[in-house]
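# sequence first, predicted model second:
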Amino acid sequence: MGGREGRRRGRAGPVAGVILSAVAEVFPVRGVFAISRGARTEARVVTVTARADGVAGRGEGVPYPRHGETVDSVLAQIAGLPAGIDRAALQGALPPGAARNAVDCALWDLEAKRAGRRVWQLAGLTSPRPVATAFTLSLDAPEAMRAAATANAHRGLLKLKLGGEGDMARLEAVRAGAPGARLIVDANEGWSVALYAALAPHLARLGVALVEQPLPAGEDRALAGMARPVPLCADESCRTRADLPALAGCYDMVNVKLDKAGGLTEALALAAAARAAGLGVMAGCMLGTSLAMAPAVLVAQGAELADLDGPLLLAADRAAGLRYDARGVHPSAPALWG
């Protein structure tokens with residue numbers, strides 16, 4: 001099993017006959033994962049196990065500093081849950097974020113295992129199929145990103161982490177390294193209005209299929225009056241259904257991530273609400289293991305795009321990890337989740 005499982009801290013408590021335990025785990029990254037806000041060499045996650053009647057369900061949350069989360073704060077949130085809580089009550093007991101996500105997914109998994117069914121059946125979904133996923137290229141110098149693009153050109157859909165000065169050179173380099181691949185650009189709030197305006201005319205020419213979160217969250221209204229030669233996707237600006245009204249006229253899609261939404265329960269509701277509002281859906285992820293990706297594969301069913309490559313960026317994944325092949329990422333086996 002991947003990860004330095006000896007490096008753990010945990011807290012536990014009873015919840016409606018269910019015993020919750022939460023531990024911190026560390027999974028090294030293959031190389032360095034860099035975005036506009038910084039670089040990481042390991043993924044720090046919180047793993048929740050929900051036990052009842054000799055059955056256990058698991059969920060994983062990835063604390064996100066962008067939202068003020070740390071491993072310790074997430075563990076504390078989980079430890080503070082009241083006895084007698086269930087998935088419905090959980091939605092109001094914790095705010096959207098990694099803690100609620102890990103518990104929500106663990107309870108889904110436990111419910112499925114106790115019922116002898118799959119989560120997709122309990123959620124009223126159709127049987128999931130493999131989903132094509134983007135593969136992320138970290139923010140780097142243009143020549144390094146070109147080399148990474150060349151090495152991964154066979155994947156077909158590449159996601160570039162960009163973030164400011166030199167991004168035009170990075171775009172050109174990646175396109176040269178993978179001339180046949182579709183491209184997603186993720187600025188992670190790293191562009192200004194002026195930089196987006198300067199880059200926008202070149203995006204379609206370079207075969208970019210989508211741009212994620214070009215401007216800082218809160219500055220989205222500036223996009224309403226600007227040309228959008230390729231679709232724009234809200235990421236940091238969209239966590240839950242409550243954020244959708246403010247995005248009208250600014251974006252074409254929303255990136256649904258379990259750690260932002262606070263679990264599979266809200267993620268499925270957000271995806272449905274986005275579609276009802278005329279927005280496309282991208283199923284995304286934080287830097288986590290297959291346990292974090294497994295419920296996201298259900299969100300990705302029917303989505304226009306998916307970015308569920310977290311395990312591919314790790315040096316080692318969990319046991320019974322998700323299968324990735326030419327068809328994309330496959331739904332999980334019960335031994336992993338769901």
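Perfect, I can see it now. Numbers count the residues shown, from 1 in each chain.
# in terms of helices and strands, where is the spatially most central residue of the chain?
Nearest residue to the geometric centre of the chain (C-alpha atoms, centre = their mean): Cys285, 1.2 Å. Assigned by DSSP states H and E, Cys285 belongs to neither a helix nor a strand.
# so where is the chain shaky, pLDDT-wise?
1-16, 34, 36-39, 84 (pLDDT under 70).
# could I get the full set of strands for it?
Secondary structure of the chain (DSSP state E): strands at 10-15, 18-35, 38-52, 55-61, 135-137, 157-161, 182-186, 208-212, 232-234, 253-256, 280-283, 305-306, 324-325, 328-329.
# pull out the buried residues from the longest one.
Just to be clear, that refers to strand 18-35. 18, 20-27, 29, 33-35 (16 or more other C-beta atoms under 10 Å). (Each C-beta comes from the backbone N, C-alpha and C, glycine too.)
# let's have those residues in CSV, adding distance to Leu298.
Shown next, in CSV, are these (distance: C-beta to C-beta, whole Å):
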residue, distance to Leu298
Val18, 22
Leu20, 22
Ser21, 24
Ala22, 23
Val23, 24
Ala24, 25
Glu25, 23
Val26, 26
Phe27, 22
Val29, 25
Phe33, 25
Ala34, 29
Ile35, 26
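# and those residues, which is closest to Ala115?
Set against Ala115, the nearest of the buried residues of strand 18-35 by C-beta to C-beta is Val18 (14.0 Å).
# got a list of what the closest residue to the closest one other than its chain neighbours touches?
Closest residue to Val18 apart from its sequence neighbours, by C-beta to C-beta, 6 or more residues apart in numbering: Ala52 at 4.6 Å. By C-beta atoms under 8 Å, 6 or more residues apart in numbering, Ala52 lies in contact with 17-19, 110, 114.
# and the two most separated of these?
Of all pairs in the contacts of Ala52, the most separated under C-beta to C-beta is Ile19 and Arg114 at 13.5 Å.
# biggest separation within the buried residues of strand 18-35, which pair?
Checking those with C-beta to C-beta, the most distant pair is Val18 and Ala34, at 39.0 Å.
# re the thing from before, closest one to Ala246 among the strands of the chain?
Of all the strands of the chain, strand 232-234 comes closest under C-beta to C-beta, at 9.2 Å.
# count of neighbours near Ala79?
By other C-beta atoms under 10 Å, 15 other residues sit near Ala79.
# pretty sure it sits against Ala22.
Yes: counting by C-beta atoms under 8 Å, Ala79 touches Ala22, with 7.2 Å between them.
# still on that earlier bit, pretty sure the residue nearest to the centre of the chain sits against Gly310.
Yes: with contact defined as C-beta under 8 Å, Cys285 counts as touching Gly310 (4.9 Å).
# next, show the common contact partners of these two.
292-293.
# nearest residue to Ala248 other than its sequence neighbours?
Ala277 is the one closest to Ala248 (C-beta to C-beta, 6+ apart), at 7.3 Å.
# how far away is the one you found from Asp259?
Distance check for Ala277 against Asp259: by C-beta to C-beta, to the nearest Å, it reads 22 Å.
# ditto for Gly17
Counting by C-beta to C-beta - Gly17 and Asp259 are separated by 27 Å.
# related to what we said a few turns ago, Ala277 and Asp259: which is more packed in?
Asp259 (30 against 13).
# OK, contacts around the more buried one?
61-62, 64, 97-98, 101, 285-286, 288, 292.
# could you dump these to TSV with distance to Tyr196?
Below are the contacts of Asp259 laid out as TSV (distance: C-beta to C-beta, whole Å):
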residue	distance to Tyr196
Gly61	32
Val62	28
Tyr64	24
Gly97	28
Ala98	29
Asn101	30
Cys285	24
Met286	24
Gly288	29
Ala292	30
